[in-house]
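Chemist: Everything below, folded, please.
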Amino acid sequence: MSLTYRILLKPEPEGGYTVNVPALPGCITYGETLEEAKVNAKEAIELYIESLKEHGEDIPTDADVLEYNLLLTA
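Modeler: Below is the predicted model:
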């Protein structure tokens, strides 16, 4: 089974990137580079899903999520 997750990478002032996986509440990680952040995100997602399976919980996906950016002017 293949699953696809959207990740949000936020550059941090002190360097590196914080990664958030919106479909998996609390699934957050960090990497010093974009590549490390993506690798760490994949590992965090895999561990999160493993835990869900062990507890007999449903595995959420981004399949039914619509994404849109709104531009606001101040």
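Chemist: Quick check: residue 40 is in a helix.
Modeler: Yes. Assessed by DSSP: H, G, I helix; E, B strand; the rest coil, residue 40 belongs to a helix.
Chemist: Quick check, it in contact with residue 18.
Modeler: No. Look at residue 40 against residue 18 with CB atoms under 8 Å: they stay out of range, at 10.3 Å. Using the backbone N, CA and C atoms, a C-beta is placed for each residue, glycine as well.
Chemist: any shared contact partners between these two?
Modeler: Shared contacts of residue 40 and residue 18, defined by CB atoms under 8 Å, 6 or more residues apart in numbering, are found at 29, 30.
Chemist: Before we move on, what's the pLDDT of the spatially most central residue of the chain?
Modeler: Nearest residue to the geometric centre of the chain (CA atoms, centre = their mean): residue 21, 2.0 Å. Looking at residue 21, its pLDDT reads 96.
Chemist: Give me the nearest residue to it, chain neighbours excluded.
Modeler: Excluding its sequence neighbours, the residue lying closest to residue 21 (CB to CB, 6 or more residues apart in numbering) is residue 27, at 4.0 Å.
Chemist: Which phi and psi values does that neighbour adopt?
Modeler: Main-chain dihedrals, residue 27, degrees, to the nearest 10: phi -90, psi 100.
Chemist: sorry, back to before: so the residue nearest to the centre of the chain sits right up against residue 5, yeah?
Modeler: Yes. The pair residue 21 / residue 5 is scored as a contact, 5.5 Å apart, by CB under 8 Å.
Chemist: Mutual contacts of those two, please.
Modeler: What both residue 21 and residue 5 touch, as defined by CB under 8 Å, 6+ apart, is the set residue 45.
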